[in-house]
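> Just the structure for this:
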Amino acid sequence: MGEQCAPSGVIEVISERLWINPVGGMGDMLMVAGVLKQAIERDHIRRFNLVRRSAYRKIFQGHPAIQEIGFPPSGAHIIGTDYWRYELDNPVPRPYQTLARLFGLTSLIEEIPYFPGPVEIDPLLEEKIPWGKKNIIIAAGSDSQRKMMTLDRWEQLTRQLTADGFSVIQTGRLHETRVRNAISLLGLTTIGELIAIIRRADGVITLDTLAMHAVRLTETPAIVLWGPTDPTVYGYLGQRHLSATPRCEKWNQCLSARTPKNYGKPCPFGDNRCINRIPLKDIRSAVHEAVE
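Next up, the predicted model:
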């Protein structure tokens, strides 16, 4: 399909010939979109082509840095966005900064994800959402079971917050498990609508997943729950980070830049995985501190 560029620090390529192969989750793509926007703000003539992947077109369609979305010709220069392969630990162990280096931004830049599409809720959907006086968004799903709290803990937390007077709204993909006592929007929102709903909410409880990146684009208070991944590497400043301590004895063999193969594997400790050790009272208190 073309020649994949090797991971080797800052990559020097001819902009017109560079194709980007989007690899990662939706949250990763919001980071890539942010880096590309800052790249062309520093060099107004730079443009990129994107290898077509249907799941990601909604993020990059209309992006000012993207010249073409399609299939690269033979011999094209291709760079992947799998930042965990590109010396994530050096010199700054941050995915956003690693991606920035890949696209020639050698100085530290502000970590601002980007979404070029409309950020608004479909009027028919907005009309059906039973908004309360105080609204909390929960994002309970992840592609990695190791990052996820068990359903019973989410349901217990939701009951507590509902008793406290909050309207709890669950966002996520259609196949995710519904949290009882929460208003379900599973499978009903685009990324632009998710951002708009988060912007309207009073607070967000999320895992290390798409909603964490989306909330970075709004002024909404966020409580992020961390299990095997490290908030000092993957989290954003300005968000409230709750981690289970101590981690298990295998934490450095779990999810990291060096162990991507574990992402889809279940935790060997099952329901005793680390994220389930975050006290619910701490999450509840964090919500009250952030919202009230």
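> Now do the strands for the stretch 51-200 of the chain: every range, in order, please.
66-70, 77-80, 135-139, 167-170, 183-184 (DSSP state E, counting those that start in this stretch).
> Contacts made by the last one with the rest, please.
I take that to be strand 183-184. For strand 183-184, contacts defined as Cβ atoms under 8 Å, 6 or more residues apart in numbering pick out 129-130, 167-170, 178. (Glycine included, C-beta is placed from N, CA and C.)
> Filter those residues down to the buried ones, PyMOL style.
Listed next is the PyMOL selection for buried residues among these, using 16 or more other Cβ atoms under 10 Å:
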select buried, resi 129+167+168+169+170
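> Run the angle between the longest helix seen in the chain and strand 66-70 for me.
Looking across the chain with DSSP state H, the single longest helix is helix 26-42. In terms of direction (axes from the mean of the first three to the mean of the last three Cα atoms, to 10 degrees), helix 26-42 departs from strand 66-70 by 140 degrees.
> helices and strands around helix 26-42, which ones?
helix 57-60, helix 95-102, helix 210-215 (3 or more Cβ pairs under 8 Å, 6 or more residues apart in numbering; DSSP states H and E).
> buried stuff in it?
For helix 26-42, a neighbour-count test (16+ other Cβ under 10 Å) marks 26-40 as buried.
> measure the nearest residue to Arg273 once chain neighbours are set aside to Trp226 for me?
Closest residue in space to Arg273, ignoring its immediate chain neighbours: Cys267 at 4.0 Å, by Cβ to Cβ, 6 or more residues apart in numbering. Separation of Cys267 from Trp226 (Cβ to Cβ, to the nearest Å) stands at 14 Å.
> Report pLDDT for Cys254.
With respect to pLDDT, Cys254 has a value of 83.
> rewinding a little: need the contact list for the residue nearest to Arg273.
Residues near Cys267 by Cβ under 8 Å, 6+ apart: 145-146, 228, 254, 273.
> From the structure, what's the count of residues near Thr189?
Using other Cβ atoms under 10 Å, Thr189 has 19 neighbouring residues.
> scratch that, Arg199
For Arg199, using other Cβ under 10 Å, the count is 16.
> now do Pro221
Counted with other Cβ under 10 Å, residues neighbouring Pro221 total 20.
> The one 3 residues further on too?
Burial measure for Val224: 24 neighbouring residues, criterion other Cβ under 10 Å.
> what about it, which SS state?
What DSSP: H, G, I helix; E, B strand; the rest coil gives for Val224 is strand.
> That one is in contact with Tyr234, isn't it?
No: applying Cβ atoms under 8 Å, one finds Val224 not in contact with Tyr234, separated by 9.2 Å.
> quick one: common contacting residues for those two?
Between them, Val224 and Tyr234 share these contacting residues under Cβ under 8 Å, 6+ apart: Asp208.
> With that, I have no additional questions.
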